[in-house]
Structures are given as C-alpha cells and as structure tokens.
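>>> just to be clear, the model below is a prediction. Sequence and coordinates:
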Amino acid sequence: MTSSAGRTAVERDCGRALPADEVVRVPAGIGAAARRARSDAYDAWLARLLPDRPGVALLAVGGLGRRQCAPHGDLDLVLLHAGVPGIDELAASLWYPIWDAGLRLDHSVRTVAEALSVAQDDVKVALGLLDARLVAGDPELAVTLVNSAVDHWRRTAVRQLAPLRQSAATRWQSHGELAFLLEGDLKEAAGGLRDVGILKAIALAGITDALRPAVHAAHLRLLDTRDALHQQLGRRVDRLLAQERAGVAALLGLRQAPAEDEPYPASNDATDLAPLRERRTQAEDGDGDALLRRVAGDARTVSHALDDALRAADRLRSGRRRGADGRPVRRPVARDVVEHDGELVLARTAIGARPDASLSVRVAAAAAVTGLPIARATCEWLASYCPPLPTPWPVEARAALTTLLGAGAGLLPAWETCDRYGLIDGWLPEWTRLRSLPQHNPVHRFTLDRHLVQTAYEASRHTRDVDRPDLLLLGAFLHDIGKGLPGDHSTVGAPIAEAMAARIGLPEAEASLIGTLVRLHLVLPEVATRRDLADPVTISRVAETVGDVATLDLLYALVRADAAATGPGAWSAWKGRLVAELVARVRTTLDTGAVPQPPAPDPALVAGPLPVVHLTGDRVAVAAADRRGLLATVAGCLALHRLEVLAADASTVDGRALVECRVQPRYGLTPDPVALTADLRRAIGGDVSVTQRLRARAGRGAGAEPRVVWHRDAATDAVLLELRAADAAGLLYRVTTALDAAGAQVRAARIATLGGDVVDVFYLVGSWPSDADRDRLESAVLAAV
C-alpha cells in the first residue's frame, strides 16, 4: 500500500488499468474509528465484486470480521454456498481482483456443512468462525453458519480449550512473553492480540466474564499500537522493533518533554552519555520507553485474564470437589486462608470491619507456597479493604514476605496476581516506578520489575549456601532498585534498599547489610573478569571491601542468582570459574589474614624444547625464547582463527616468554586444532605472514568513541590501562601491538565483552608516573582502535 494525502490506495500495476470497481481506497489513521472506516471501505468494495446470486454469501473473518482492520492487514474471506453450480469460477472472479489490487488474501470456499465439519476438527477454524460476519450475498445462509458455529462452540468449548491451550503454549514458546520483550510480536506473543481472541471465545462460551473493562481497554491500546506500527512502516509488521519505537510512540502521542536544562555528565564515557542522548531523541520524536511500558502493562493484563479464564474452564471441566454434604470442599492452608474449589479464598473469620494489615502479604505467601491461585473476588476484596501496612511492618508481614520471596516457582504467578490488583503498590510504594521499566542492555530478557522478582526466585536455589537466607532473598529482590535513576544504580540503590529494609522491619544492622549487598552486587563479577586474580592486591582489596565471610557468601549467591535471572548471555562456564576462584581466594584471605600465593607456572611450559604450544579445551598456552611482542603475536593468531581471548597472562621464566590465554570461539565454531597449532608455531617462530593475513582482515568497531581509563595502585607491580571501545575482530592484537611498539610490557590482559562493546584491561609493568608517557600510550592505543 502507498499513502497519499491521508488516504491509502490499494492498487497494483498488472499491465492493465484496473476498473474503478476493482480499486479500493481505505482510510489511514489510528484508533477504533479508523479501523471501522477501513472495514466499511472494504465491505463496500467487496460487495461490488460479488455478483447477486442466490445461495451464495461472502463472509469476513479475522480482522475484517471483527471490524478491526489494520492499515496494512490482510483479508480473511469465506465464500459460502449452498451447492450452487459454477462456484469455482465465481470464486476465481472474486479472488483475482483482490490479488490484482495488491492485497494479501486468506480464502476458502465451503458449504455450511463443510465449514462446520472443519471447525469440529480444527479449533483454530472454530475460533475464526466466531468472528464471521456477512459482507455480501445471501443473509439467511450466513446466519445459518454463524448461529451454528456459535452454538457448536458453546456446546464443545470446555473440551476444545485443551487443544487450544496446547497450541497457544507452542506459540508462546516460540514468540515469548510480550510484557517482557524489547521487540515483541504484538499479535503472536503471549499477552498479544491473538490471546484476546481466545478470551473472547471463552467469554462467548459463558465460562467466565473474560472480557472485563481492563482487558477491553488493553485490547484497544494494543490495536492502536499495531495501527501506528503499520502506518510508521507502510506495510504489515506485527513485531515492534527497537528502531521503530520512537516513531510509533510519536504517532500515539506518547512524547517526552525536552529537558533543555539537563546537564551533560562530567565524564565523556559513552555509557554515561547514552541515556541523555536517548532522552533528548525521545523528546524530539516519541517516548519509546513509555510505549514499551504501556505495551507491557496491556500484555500483562491480557495474560493474567487468560490465565484466570483457563483456570475457570479447568474447574468447569473437572467438576467441583464436593464433600459428603454436597458443598464444595474447603481446606485450611494457612492462617486466615482457605482452599475453595482449587483457589485460595479468605476464611470467614478474616473478613471483618478491621482486617489485619498483613493479610494481603500472608495470602500471597500462601498462594506461592501451595501453588494455588488466589480467587479473583479475594484479590478485589483485599485491594479494596485491606489497610496499608504500618511502618515498620509487623513481624507477621515480614515473615510472609520472606516466605513469598523464597517460595520458588510459586513466587512468580503469585506476585503477578498481586501486582495486577495493585496489592504490591500498597506494600512497596517504590514499585510504581519499577513496573514494566525496560532494560535496554541486550543481555537482559526481562523488564526491571520482573527481573527483580526473577532474581529472588533464582536466589531461593542458594538459600542453603548462606547463613542468612532471609537477607539473601531480600537483597536479591532489591539489588537493582536504583535502576532508572541518575547515576550508578548500585550506588544510588543502596540507600533506597536500606530504607526499604528498615521500613519492612529489619534491625538497623541488617538493613545496613542489605544496602551493602546492593552497593557491592557487581564487585565479584567485575573484578573476576577485569582483574588479575593472581595479583595479591586484587584479592586483598576485595577482602577489605567485603569485610567478612558471611557477606562474601551472600554476594556470591546473589551474583549467581542475578546472572540466571538476567539471561543466558550474562553467564558462562568461564565466568563462573573466575568468580568461584575469586571467592575461594578472598575467603582464604578473610579466614587466615594471608593472601594465597599465585599458582606456579605450568611445568610443561618451563621445560622441554622451544617453542611449546599446548591446546587444552578453552586454554591456549605458548612458550618461546624471551622476546617482546609475543602476546601480540599470539593474540593475532588466535583472532585469525576466530577465537576470542577472555584472559591473557604473559610472564618470563628462566629466559622463556610464556603466554597463557583463555579463549572461546567467536562464532561458536571450534577451529581446527592442527591448523591453529601450526600457525602459532610459525608466528612465534618469526613468520610475519601469519599476522599479515590478520591485518588484511581486521575489522573496525562502530559506535561511541573509544576511551582509555588509567587505574593506579590497583596491582602489585603494574599500572592498569582500561580500554572501553566497540568490539571488533583483531582488536586485542592491534592494541597489544601498539602497546609493544610504544615500549610497554603487558603482563596480563582481561577482556570483557558487553554486548557490542568491550572493556579490556591491560596490566602494564612499571609505575608509568609520567603524564607525557601515559598520554603517548593512550594516543597509540586509541589510534590502533
């Protein structure tokens, strides 16, 4: 389709001029009125295409059947007939003008009996017929099919929902949860438009009132978002990609006021500048984050309603559990909480003029522990009548929160239910700011609020590894509480978490420890991946920062829970080994007061004829006659074989230059060890042709300007040069070559890749006290990048 003067013309050059009745012009625009206008335009055009013949009717299903046509949606049509002759020729005369007009078409030709037979065997067809609407032709034929389809669905819905749920689960597995995706499919993902269709079918069957006002409002907003996405791109697209968010937000009127007086950060770090640049871009276009939060909230509303509706269908199918007196079975599961017909409700004694303020938290904890859902009426009553918690919380509420956070898999649905009814806001006023807040780092798979709850869930796996499991759960839940606020989220979040812990009722010392966990929750992974763990200064400083073994154990458990909740890209076997090694060394220091000695060099490297090349798993070790530039040579050869260096150590022992690297395949493919060994031997033997091949292939990173940061007094015998730059093939080779040419000796390197960026730390032997020398090195490194 092409847009012109606010109208959309659907035409296609087929080598002939289309007759006027074979061209449809449908209005553009966003919103319910625009969707109805498009439906009216299609109806009028299709009615002109269908000849007036008895026993024939043209029915619309899908978006046109619901009168919810997107700007660039397709047409779903059923040509219904009563066995009249020449139906195939009639269908062709109808479909070809639609194709000639450039429209996407899903079509079928059936009798009433055929349509109902297919619907009986295919639940998707059965759902589609629920939206069927007469466009043109025999109205009695259409009424017969529509009424029969609705009647058939109402009689078989409870049975049909089982395969429908299985099909939906497969779709959700493929497309993910719309509420937590940065680039979700508005139609197919869980909580999207497709799920609203299931809710409509459940409501039509009379199982439950699935289409409540909140769901209806969420549905309309999702439709508006899809309209805006189609209008933004000028074609049918249902996935809301990152580059389209600002434009779609602007079309929907979601704009952020420009902050002209907002100062730039003091540093020139691209990481510091990125949020400000993004906010200024949003002010000019549209607020993409506001759009994401709105879509997430709507998707969660739809998903929660669908879960509730499917449970109602399950209860109807399985029948109510009744006692000897014929009444539904009621079973106490916790104080003031009773199981009734597979759901949790309040005991009669809990409902009074002055309900216990801790009641809602205790009900949530019972739901998480038992895995049973909270009845909707109970959630509504708690939201309306349960008083706010006092400050500090009573002991019962604090204990219930700990139980809730440590309940394992039951935590997630129980928390989501409470959040949907506004109970969480009553417990934690800070939750409003966190809800559905997107995290733009690609390693994160969840929005911030879900990430915090997910981290508590993952931390429940490690409660037996620490002395205070309750503090681990709360620290995991609050560890990223500072995100979304200006500054380092660990530093900003620590006092917020400490204040929340005090309000929940923790003693001052324990609340302070929660603040410490939040402030230090990134220390272990950052040190493990960016510092030399064999250097005594590294170990002693971490030990001094952590303070005691109990805090170290809490941080170690929190790090693993945080990584698991973030996503598969946040952790690896190599990172796990580094963090475990750091924790073991720091624990020894805290226990004994002495820093453990670094491991001795590999005997295979310090003995035997030169050169030595050893490949074992993710380790590459090389020994050669002592000379400068060996690290750069090895790094270049590894890059040539598409291996990423995660860590590198260089040393000299008895006249031998030793280099040990930890590597991983850059693209997941392990190189040929024979070819790699041969190239390494040739390169360290002085054959420059190997690295010359790399120079011809070396890439250049794109993105923010690279930056060098110096760290003094961070190592025993070296100064640390930290490079922050865009990732690129051969980067380590180019930088180490430049450092060697500038006269710097690198004894260790630590490589951290963060999405498309790297933070590479180089241990330069010596003190490098001269500003001029450091400036010269910095210029050489930046030139190499």
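Received the coordinates, thanks.
>>> find the centremost residue of this structure, please.
Centre of the chain computed as the mean C-alpha position; nearest residue by C-alpha atoms, centre = their mean is residue 445, 2.1 Å away.
>>> following the chain onward from whichever strand or helix holds residue 459, which element is next?
If you go by DSSP states H and E, residue 459 is part of helix 448-459. Using DSSP H and E, the helix or strand that follows helix 448-459 in sequence is helix 469-478.
>>> and that following helix, what does it pack against?
Judged by 3 or more C-beta pairs under 8 Å, 6 or more residues apart in numbering; DSSP states H and E, helix 469-478 is in contact with helix 395-405, helix 448-459, helix 489-504, helix 508-520, helix 549-566. C-beta here means a position set from N, CA and C on the backbone, and glycine is covered the same way.
>>> tell me the first helix or strand C-terminal of the longest one.
Going back to what we said before, that points to helix 549-566. Counting by DSSP H and E, the element after helix 549-566 in chain order, helix or strand, is helix 573-592.
>>> relative orientation of that next one and helix 549-566 in degrees?
Here helix 573-592 points in a direction 170 degrees away from that of helix 549-566 (axes from the mean of the first three to the mean of the last three C-alpha atoms, to 10 degrees).
>>> how about the CA coordinates for helix 573-592, as CSV?
Extracted C-alpha coordinates of helix 573-592, given in CSV (Å, rounded to 0.1, in the frame of the first residue of the first chain):
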residue,chain,number,x,y,z
ALA,A,573,31.3,-21.6,32.4
TRP,A,574,34.4,-19.5,32.1
LYS,A,575,32.9,-16.6,34.1
GLY,A,576,31.6,-19.0,36.7
ARG,A,577,35.1,-20.4,37.2
LEU,A,578,36.6,-17.0,37.5
VAL,A,579,34.1,-15.8,40.1
ALA,A,580,34.4,-19.1,42.1
GLU,A,581,38.2,-18.7,42.0
LEU,A,582,38.0,-15.2,43.3
VAL,A,583,35.6,-16.1,46.1
ALA,A,584,37.9,-19.0,47.2
ARG,A,585,40.9,-16.8,47.3
VAL,A,586,39.1,-14.0,49.2
ARG,A,587,37.6,-16.5,51.6
THR,A,588,41.1,-17.8,52.4
THR,A,589,42.3,-14.2,53.0
LEU,A,590,39.3,-13.4,55.3
ASP,A,591,39.8,-16.7,57.2
THR,A,592,43.6,-16.6,57.6
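>>> quick revisit: who wins for proximity to residue 340 among the helices and strands packed on helix 469-478?
Checking the helices and strands packed on helix 469-478 against residue 340 by C-beta to C-beta gives helix 395-405 as the closest, at 20.2 Å.
>>> returning to that earlier point: pick the most buried one from the helices and strands packed on helix 469-478.
With neighbours taken as mean count of other C-beta atoms under 10 Å, these reach their highest mean count in helix 448-459, at a mean of 24.
>>> that one to helix 469-478, inter-axis angle?
Going by the same axes, to 10 degrees, helix 448-459 makes 150 degrees with helix 469-478.
>>> show me where the stretch 251-400 of the chain has helices.
Assigned by DSSP state H, counting those that start in this stretch, the helices in the stretch 251-400 of the chain fall at 270-284, 288-318, 359-370, 376-385, 395-405.
>>> any stretches of the stretch 601-750 of the chain with poor pLDDT?
Flagging of the stretch 601-750 of the chain using pLDDT under 70 yields the residue ranges 691, 693-704.
>>> show me what contacts the residue lying closest to residue 372 once chain neighbours are set aside?
Distances taken as C-beta to C-beta, 6 or more residues apart in numbering place residue 344 nearest to residue 372, at 5.2 Å, with adjacent residues excluded. Counting by C-beta atoms under 8 Å, 6 or more residues apart in numbering, residue 344 touches 333, 337, 338, 363, 366, 367, 370, 372, 373, 374, 375, 378.
>>> please repeat the previous calculation with a cut-off of 6 Å.
Residues near residue 344 by C-beta atoms under 6 Å, 6 or more residues apart in numbering: 337, 367, 372, 374.
>>> who's it bridged to?
residue 339, residue 374 (DSSP bridges).
>>> what about residue 768, which SS state?
Three-state assignment for residue 768 (DSSP: H, G, I helix; E, B strand; the rest coil): coil.
>>> measure it to residue 721 for me?
9 Å (C-beta to C-beta, to the nearest Å).
>>> the two: which has the busier surroundings?
Taking neighbours as other C-beta atoms under 10 Å, residue 768 and residue 721 compare with residue 721 leading, 24 against 16.
>>> need the nearest residue in space to the more buried one, chain neighbours excluded.
In this structure, residue 721 finds its nearest non-sequential neighbour in residue 762, 4.7 Å apart by C-beta to C-beta, 6+ apart.
>>> many thanks, have a good one.
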